[in-house]
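Trainee: Turn this into a structure:
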Amino acid sequence: MLQIAFIRENQEKVITALAKRNIDATSVVEQVVQLDEKRRATQVELDNILSESNKLSKDIGELMKAGEKSKAAILKEKTVLNKEKSKALAETADALAAELLEKLYTLPNLPADIVPVGKTPEENLNVFEEGQIPVLHEGAQPHWELVKKYDIIDFELGVKITGAGFPVYKGKGAKLQRALINYFLDKNAAAGYNEVQVPHMVNEASAYGTGQLPDKEGQMYHDKTDDLYLIPTAEVPVTNLFRDVILNENELPVLTTAYTPCFRREAGSYGAHVRGLNRLHQFDKVEIVRVEHPDKSYEALDGMVEHVKGILQELKLPYRILRLCGGDMGFTSALTYDFEVFSTAQDRWLEISSVSNFETFQANRLKLRFKDKDGKNQLAHTLNGSALALPRVLAGILENYQTPEGIVIPEVLRPYCGFDIID
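Mentor: Coordinates of the predicted model:
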């Protein structure tokens, strides 16, 4: 959530920045500023009446001590009137604050200066590419055919149990999945990330805290009875570990990693690009989250990008990094880099990670602060990234490592798998 003081003092800057997202925010920004002015004016009036009431109470006490009951009675009448006025003003102030918050929730984060202008994914900027795209043997197949051939993932069985988008991993497929999770967690731990296990359901406050609500409620599974949401990413519970927390400056940065299953409705997804592992309703992901000093968050973002690069280099998968344009960025992000792995059998790039800096956007919602050297509370910066999302990494491995004899396991994963080939 954008800070109201910043909007108030930088209206044109906010409107211009959000135009990079192809959003005309003029009307909303004007409404936000007007509501804030009304709220502050109401609060001033309320504070004045409360101050006057406090003074009247003291005066009444003195008059009663002096035996001047008639004068005290007159002042008591004023306090009754003031009580009625203050109640009405407090209700107005609360209503204005709630309306203001609703408006603020509709405004996405401001893109960083280096975010490219653009409306569609085709306008994202390719900033790095590495790895040799393998030449596959004749008769090479996409992963949804390979998993049938080697009986390692069963999509039909998942449909029977639950529905489309909930695959069942079997045998060496299940072991490879577990190997990837452990490998990712070990790599993250070696880089200084503290591993946590977190709930897979969150309350509404947590979903608002990281910006999934109200922006993505249509994509989240919701249990209405208990008003809980299945997490779309570990980012939500992990970042909410720090909700309403005030850190000391010397505690920064805080680095956290977690493995969780993730649940997304993916409403409206259809077509060939969602076949097999390309898009699922339930999938596994290992996440990294950082809480940073504002002066160091972009250096940290670069470090996260290098960390994910290192993992893909060890897996020896061809990949590229895109800097997302304004029109393709997530609601909460100030700057996002997407990692894509090349699926040779499908002849297309598959997104496997997003690494983002949210600056103070999430921290403002979360009330996540740190005490600076002067003892003042400042909003921290939050960052997160996938390291990594498993389905498309697995698809890339199955397709790029396939041979006529079977699917060769990347060398770095063999100690985790306990086997060298799926045959």
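Trainee: can you pull the contacts of the nearest residue to Glu123 once chain neighbours are set aside?
Mentor: Spatial nearest neighbour of Glu123, excluding adjacent residues (C-beta to C-beta, 6 or more residues apart in numbering): Cys325 at 4.6 Å. C-betas here are computed from N, CA, C, even on glycine. By C-beta atoms under 8 Å, 6 or more residues apart in numbering, the residues touching Cys325 are 115-121, 123-125.
Trainee: among these, which ones are buried?
Mentor: By neighbour count, with 16 or more other C-beta atoms under 10 Å, the contacts of Cys325 hold 115-116, 118, 124 as buried.
Trainee: Helices along the stretch 151-300 of the chain, start to end?
Mentor: 155-161, 171-190, 204-209, 235-240, 297-315 (DSSP state H, counting those that start in this stretch).
Trainee: most neighbours per residue, which of those?
Mentor: helix 235-240 (a mean of 26; mean count of other C-beta atoms under 10 Å).
Trainee: Is there a neighbour count for the closest residue to Ala17 other than its chain neighbours? I'd like the number.
Mentor: Once flanking residues are discounted, Ala17 sits nearest to Leu110: 4.1 Å by C-beta to C-beta, 6+ apart. Counted with other C-beta atoms under 10 Å, the neighbours of Leu110 add up to 22.
Trainee: in which helix or strand would I find Leu110?
Mentor: Taking DSSP states H and E as the definition, Leu110 sits outside all helices and strands.
Trainee: Can you point out the buried residues in the lengthiest helix in the chain?
Mentor: What stands out as the longest helix in the chain, according to DSSP state H, is helix 26-65. Within helix 26-65, the residues that count as buried by 16+ other C-beta under 10 Å are 28-29, 32-33, 35-36, 39, 42-43, 46, 49-50, 53, 56, 60, 63.
Trainee: care to break this protein down by domain?
Mentor: 4-106, 121-422 (the TED database).
Trainee: And the residue of the chain most remote from its centre, how far from Thr239?
Mentor: Here the centre of the chain is the reference, and by C-alpha atoms, centre = their mean the most remote residue is Gly67, at 65.1 Å. Distance, Gly67 to Thr239, by C-beta to C-beta, to the nearest Å: 63 Å.
Trainee: where in the stretch 201-350 of the chain is pLDDT low?
Mentor: Applying pLDDT under 70 to the stretch 201-350 of the chain picks out residues 267-273.
Trainee: Name the nearest residue to Leu252, ignoring sequence neighbours.
Mentor: His293 (4.8 Å).
Trainee: surely that neighbour meets Thr382?
Mentor: No. Applying C-beta atoms under 8 Å as the test, His293 and Thr382 come out as separate, 11.6 Å apart.
Trainee: ok, those two, which is more surrounded?
Mentor: Thr382 (28 against 17).
Trainee: tell me the angle whichever helix or strand the more buried one is part of makes with helix 297-315.
Mentor: If you go by DSSP H and E, Thr382 is part of strand 381-389. Angle, strand 381-389 to helix 297-315, by axes from the mean of the first three to the mean of the last three C-alpha atoms, to 10 degrees: 10 degrees.
Trainee: Who are the packing partners of strand 381-389?
Mentor: Packed against strand 381-389 by the contact rule (3 or more C-beta pairs under 8 Å, 6 or more residues apart in numbering; DSSP states H and E) you find helix 171-190, helix 235-240, strand 282-292, helix 297-315, strand 348-359, helix 361-366.
Trainee: again, only using 10 Å
Mentor: Applying 3 or more C-beta pairs under 10 Å, 6 or more residues apart in numbering; DSSP states H and E, one finds that strand 381-389 makes contact with helix 171-190, helix 235-240, strand 254-263, strand 282-292, helix 297-315, strand 335-343, strand 348-359, helix 361-366.
Trainee: tilt between whichever helix or strand comes after it and strand 381-389?
Mentor: Of the helices and strands lying after strand 381-389 in sequence (DSSP H and E), the nearest is helix 390-400. With the same axes, to 10 degrees defining the directions, helix 390-400 sits at 40 degrees from strand 381-389.
Trainee: C-alpha coordinates for helix 390-400, PDB please?
Mentor: Below are the C-alpha coordinates for helix 390-400, written out as PDB (Å, rounded to 0.1, in the frame of the first residue of the first chain):
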ATOM      1  CA  LEU A 390       9.000 -27.000  -9.200                       C
ATOM      2  CA  PRO A 391       6.500 -27.900 -12.000                       C
ATOM      3  CA  ARG A 392       8.200 -26.100 -14.900                       C
ATOM      4  CA  VAL A 393      11.700 -26.800 -13.600                       C
ATOM      5  CA  LEU A 394      10.700 -30.500 -13.600                       C
ATOM      6  CA  ALA A 395       9.200 -30.200 -17.100                       C
ATOM      7  CA  GLY A 396      12.400 -28.600 -18.300                       C
ATOM      8  CA  ILE A 397      14.500 -31.400 -16.800                       C
ATOM      9  CA  LEU A 398      12.300 -34.100 -18.200                       C
ATOM     10  CA  GLU A 399      12.300 -32.600 -21.700                       C
ATOM     11  CA  ASN A 400      15.900 -31.300 -22.000                       C
END
